[in-house]
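**Student:** Turn this into a structure:
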Amino acid sequence: MSEVRRLLPRTRLLTLTGAGGVGKTRLALRVARAVRSWFPDGVHVVELSTLEEGRLLVPTVAAAVGIREMDGQAMPLLVARLADKRMLLLLDGCEHLLDCCTDLVDRLLRGAPRLRIMATSRHRLGVLGEHVLPISSLPVADRHAPAREIARCEAVRLFTDRAGIVCPGFRVTSANAPIVARISQRLDGIPLAIELAAARLRATPLDRLLGELDDRFAVLTDGDSDAPPRQQTLRATIDWSHGLCSPAERRLWARLATFPGGADLDTAEEVCPGGEIGRGEIFDLIAGLVDKSVLIAERFPAGLRYRMLDSIRAYGRERLTGAEKERLRGRYCSHYRSLVARCRIDQMTPDQLDRFHALQLELPNLRAAMETCYGRPASAPAGLEVASALWSFWLLAGALTEGRHWLERGLRLVPAPGRARLTALWADALLALHQRDLAAAVIRIEECRALAGETGDATAAAFATMVSGIAALAAGDDRRGLALMEQARRRHWEDGDLNAVGINLYLASTFCVAKDPDLGAALGEELVALCDARDAPLFRAYALFAVGIAAWKQGDWRQAEAMMLQVAEPWSVIEDRWGLAQFLEVLAWTASAGGAQERAARLLGAADRVWHELGFSPTQLPYHVRSHQQCETHAREALGSRAFAREFRAGTRLDLSAAVADALSGR
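**Tutor:** Residues are numbered from 1 along each chain as shown. Next up, the predicted model:
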């Protein structure tokens with residue numbers, strides 16, 4: 001800790017290297033929390049171990065620092081966003097994306113002179129100016145030293161701490177000190193190895209534990225003499241832990257290792273049974289793996305999830321046999337295909353927010369499922385179905401580039417004109433339009449319209465018409481665009497597809513508030529009524545926003561404020577920074593209109609911070625620019641430049657959650 005804190009101010013890139021299990025991630029996260037006050041623009045952690053696609057690295061980092069990339073150019077946006085920031089970026093687990101991480105870090109350091117980066121990796125990045133800090137194992141004890149000195153040794157302290165969890169009251173005494181010291185030496189002071197060994201004390205006496213380690217290491221390290229000593233030690237320790245598991249525990253270890261994002265009990269019970277493992281045995285087997293420190297149990301609002309450290313997961317994946325892997329891949333893909341069908345957030349249901357969180361939590365596993373499906377021609381359509389069903393998640397999460405990556409990859413693999421391709425075509429076109437890629441969108445729409453006509457797919461034809469309307473609006477042909485969207489909406493009503501009607505109203509009302517407030521209000525109110533009938537909180541928030549903007553345009557600031565105050569909670573739940581920036585912005589206008597100029601200035605400052613983090617400006621939005629300028633002018637004239645600047649700065653010092661709380665408080 002002291003060494004990392006000493007080095008951080010002296011280098012712009014600090015890479016913590018070391019063998020698996022040595023504690024690089026824990027150290028980096030601990031340091032990141034400790035030095036947060038050093039960086040006025042924040043500390044951002046990007047966990048890369050579950051990301052297996054190099055092309056998604058830049059969009060993932062961009063999302064982590066709050067960028068909602070709108071035009072597919074994540075790298076320029078990221079550099080621009082960080083150009084003047086005094087920020088620490090922690091990239092955790094770079095070794096499997098080494099070339100991509102090296103390129104990213106090099107470009108960021110060149111374009112953002114005040115940025116500092118801390119990386120964890122088993123290999124150095126090789127970027128000019130990089131300072132590499134090897135993370136060694138914990139110091140081990142001399143078994144001939146006095147018991148008090150052995151107890152103070154770091155490796156022994158960790159062993160004692162972890163042993164106390166499974167054997168309450170465990171401590172180092174003059175009688176057991178030489179054995180504990182020998183164990184710390186045998187494990188080479190590697191934290192992960194120590195934790196695995198300590199977990200065995202639940203069922204194994206201390207002296208027998210040392211004997212098992214000696215026997216196991218004598219067999220295993222002899223056959224791997226080319227590996228570095230610490231790598232041999234960790235491998236031998238994991239092998240030893242594996243050998244102490246029951247056959248069923250070993251099989252479940254291997255099967256759960258296929259989940260990069262971890263799994264809950266229901267998922268494990270659905271995907272992992274087979275052979276010697278029955279569904280009813282899964283819970284007890286998981287409990288056994290948790291006891292042995294193979295699995296880590298983590299509590300989330302939705303319940304417990306179980307995950308593995310990278311070294312343990314990699315070991316487990318090696319243990320999957322070919323036939324078992326084949327059976328598992330089918331269940332894995334089927335499970336996540338069903339999950340996205342159950343968790344579609346483009347459906348108007350009361351649990352829209354829970355669905356969003358479920359998809360967010362399962363994203364690493366969903367990526368693995370799509371990758372697995374795309375690996376075989378027979379299962380590629382299932383992968384494309386997953387990517388298509390996630391279109392609204394990609395949109396609301398601001399992950400447009402990632403969404404298009406999976407959709408376009410699937411479209412290349414699935415040329416057949418079935419439902420999977422038709423849905424993917426209009427979904428990809430919709431995301432392309434949100435990235436202002438009109439040319440690509442038009443190509444997709446035309447193919448979708450043609451295929452829908454050939455196959456007689458009326459649903460796909462209606463969606464193609466709707467997206468054609470959005471494309472016309474994007475091209476400046478408002479009259480044709482609104483007519484096409486209305487035509488599609490009528491067809492959805494006739495088909496009884498209220499979810500599609502809601503999507504259409506959301507997109508149409510969002511556009512209309514800028515140019516035709518009366519129509520925007522009418523469409524928004526229609527969507528509010530539909531959402532109230534179906535109890536759909538997320539769609540309702542976007543509808544209320546459209547109604548609020550329309551009310552503001554019509555001169556009713558009180559109605560605009562009332563609408564805005566209802567959108568903050570659902571947008572905060574899904575962390576829609578784009579929406580919350582607009583929420584703060586509009587409340588600044590209504591505060592100024594109501595004579596609360598200090599509040600208006602503070603909210604403008606809070607909004608400005610979020611806009612800046614997004615790499616955007618309210619003056620780039622047609623329905624914001626005039627109101628923003630008038631609000632700022634009125635507040636500055638009423639308060640005077642000095643008082644305005646003071647309140648504005650106070651707003652910029654609020655993080656997003658504090659700014660939203662301040663806005664809702666009405667202070």
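
**Student:** Okay, strands next: where are they in the stretch 51-200 of the chain?
**Tutor:** Under the criterion DSSP state E, counting those that start in this stretch, the stretch 51-200 of the chain contains strands at 88-92, 116-121, 131-134.

**Student:** What of the chain?
**Tutor:** Assigned by DSSP state E, the chain shows strands spanning 13-17, 43-47, 88-92, 116-121, 131-134, 263-264, 296-300, 303-307.

**Student:** and the strands of the stretch 51-200 of the chain as CSV, adding mean pLDDT and distance to residue 43?
**Tutor:** C-betas here are computed from N, CA, C, even on glycine. Listed next are those as CSV, based on pLDDT from 0 to 100; distance: least, C-beta to C-beta, whole Å:
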stretch, mean pLDDT, distance to residue 43
strand 88-92, 95, 5
strand 116-121, 94, 9
strand 131-134, 92, 18
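
**Student:** Those strands into a markdown table, with extra columns for distance to residue 497?
**Tutor:** Converted to a markdown table, the strands of the stretch 51-200 of the chain look like this (distance: least, C-beta to C-beta, whole Å):
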| stretch | distance to residue 497 |
| --- | --- |
| strand 88-92 | 43 |
| strand 116-121 | 48 |
| strand 131-134 | 57 |
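
**Student:** Spell out for me which residue occupies the centre of the chain.
**Tutor:** In the chain, the centroid-proximal residue (C-alpha atoms, centre = their mean) is residue 360; its distance is 6.1 Å.

**Student:** how about that residue, what does it touch?
**Tutor:** 393, 397 (C-beta atoms under 8 Å, 6 or more residues apart in numbering).

**Student:** Number of residues surrounding the residue lying closest to residue 291 once chain neighbours are set aside?
**Tutor:** Using C-beta to C-beta, 6 or more residues apart in numbering and skipping residues adjacent in sequence, the residue nearest residue 291 is residue 202, 5.9 Å away. As a burial measure, residue 202 scores 12 neighbours (other C-beta atoms under 10 Å).

**Student:** so what's residue 202 scoring on pLDDT?
**Tutor:** As predicted, residue 202 sits at a pLDDT of 82.

**Student:** do the same with residue 651
**Tutor:** Turning to residue 651, the model gives it a pLDDT of 94.

**Student:** burial of the nearest residue in space to it that is not next to it in sequence, as a residue count?
**Tutor:** For residue 651, ignoring the flanking residues on the chain, the nearest one in space by C-beta to C-beta, 6+ apart is residue 605 at 2.5 Å. Residue 605 has 23 neighbouring residues, counting by other C-beta under 10 Å.

**Student:** Same check on residue 428?
**Tutor:** Residue 428: 28 neighbours (other C-beta under 10 Å).

**Student:** Now it: closest residue in space that isn't a chain neighbour?
**Tutor:** Residue 428's closest residue in space is residue 407 (C-beta to C-beta, 6+ apart), at 4.3 Å.

**Student:** So the one you found versus residue 432, what's the distance?
**Tutor:** Distance of residue 407 to residue 432, given as C-beta to C-beta, to the nearest Å: 9 Å.

**Student:** Repeat that for residue 556.
**Tutor:** 36 Å.

**Student:** And those two? Which one has more around it.
**Tutor:** Ranked by neighbour count (other C-beta under 10 Å), residue 556 and residue 432 place residue 432 first, with 27 against 17.

**Student:** so what's the closest residue to the more buried one other than its chain neighbours up against?
**Tutor:** Among residues not flanking residue 432 along the chain, residue 441 sits closest, at 4.0 Å (C-beta to C-beta, 6+ apart). With contacts defined as C-beta under 8 Å, 6+ apart, residue 441 is in contact with 428-430, 432-433, 467, 471, 474.
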